[in-house]
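Trainee: Task: produce atomic coordinates for the following.
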Amino acid sequence: MLTVTICDDSIKEIEEILVLLEGYAYGKKRISIQTFNSSMSLVKTIEAGNVSDIYLLDIVMPGFSGIDIGSIIRSKNKDAAIIFFTNSQEYALNAYELSALQYLVKPVKKSALYDALNKAVLILERRDKVFFADTPDGIIPIKYSDIIYVEYTNHVMSFQTISKTILSKYIRVQFALALEELLKEHNFIQTHRAFVVNIQLRIDELS
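Mentor: Below you'll find the model as predicted:
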């Protein structure tokens, strides 16, 4: 089940987003939705360890701003998809620094919201995918979302992940064939005959 949290100090705007979400969920996977019209209440919930898959956040609110909440979410869960709502473009840079998925200007259009949600679902599904690397130490599962790049040298693949480097056994097939499943993902690009990079990772995710 997909979990979605909406936070906006306007109850009317929350209700409008709920209507759009009901239309999005119709005939698709189940969605669990929680709403907050108080940023303080949402922050308490997040700090208690209750983190959702997707956040739809107004930026300008009393108490904590959407940007403040986004920072708190990132400290708890780097994988959560954050979509900001606002009346102006002035916070776009702040949203980017938090690796926000989308920045939507109010009034939120159905097509724009649905596009953002589709992106979020694809990213969340990819987050759970695993590549099984055959190494001298046995089969090691590597999350797609953790892979920065893969380099091929002397018939050995070197998987550089966010936390460590993993070396494969000696392989006898072509590099692209060995990574066939990985290369089916649109964010993994073979930039050289011996190099595959994850173009989706941002600098702030590697620090």
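Trainee: Give me the below-cutoff pLDDT ranges for this protein.
Mentor: 26-29, 91-93, 95-96, 201-207 (pLDDT under 70).
Trainee: Figure out the helix or strand that the residue nearest to Leu98 when sequence neighbours are not counted lives in.
Mentor: Distances taken as C-beta to C-beta, 6 or more residues apart in numbering place Gly70 nearest to Leu98, at 4.3 Å, with adjacent residues excluded. From N, CA and C alone the C-beta is placed, and that goes for glycine too. Per DSSP states H and E: Gly70 is located in helix 66-76.
Trainee: Tell me which residues of that helix come out buried.
Mentor: By 16 or more other C-beta atoms under 10 Å, the buried positions in helix 66-76 come out as 66-70, 73-74.
Trainee: Residues contacting the longest helix along the chain, please?
Mentor: The helix that spans the most residues within the chain, counting by DSSP state H, is helix 110-127. Outside helix 110-127, the residues that touch it by C-beta atoms under 8 Å, 6 or more residues apart in numbering are 2, 17, 20, 23-24, 29, 53-54, 79, 81, 83, 101-102, 104, 143-145, 185, 187, 200.
Trainee: Where strands are concerned, which of the residues you listed count?
Mentor: 2, 54, 81, 83, 102, 104, 143 (DSSP state E).
Trainee: what are the bridge partners for the fifth one, then?
Mentor: With DSSP bridges as the criterion, Gln102 is bridged to Ile83.
Trainee: That one and Asp53, how far apart?
Mentor: 15 Å (C-beta to C-beta, to the nearest Å).
Trainee: again with the last one
Mentor: When C-beta to C-beta is the yardstick, Lys143 and Asp53 sit 16 Å from each other.
Trainee: These two: which is more packed in?
Mentor: Asp53 (20 against 15; other C-beta atoms under 10 Å).
Trainee: check contacts around Val51.
Mentor: Residues near Val51 by C-beta under 8 Å, 6+ apart: 73, 76-77, 80.
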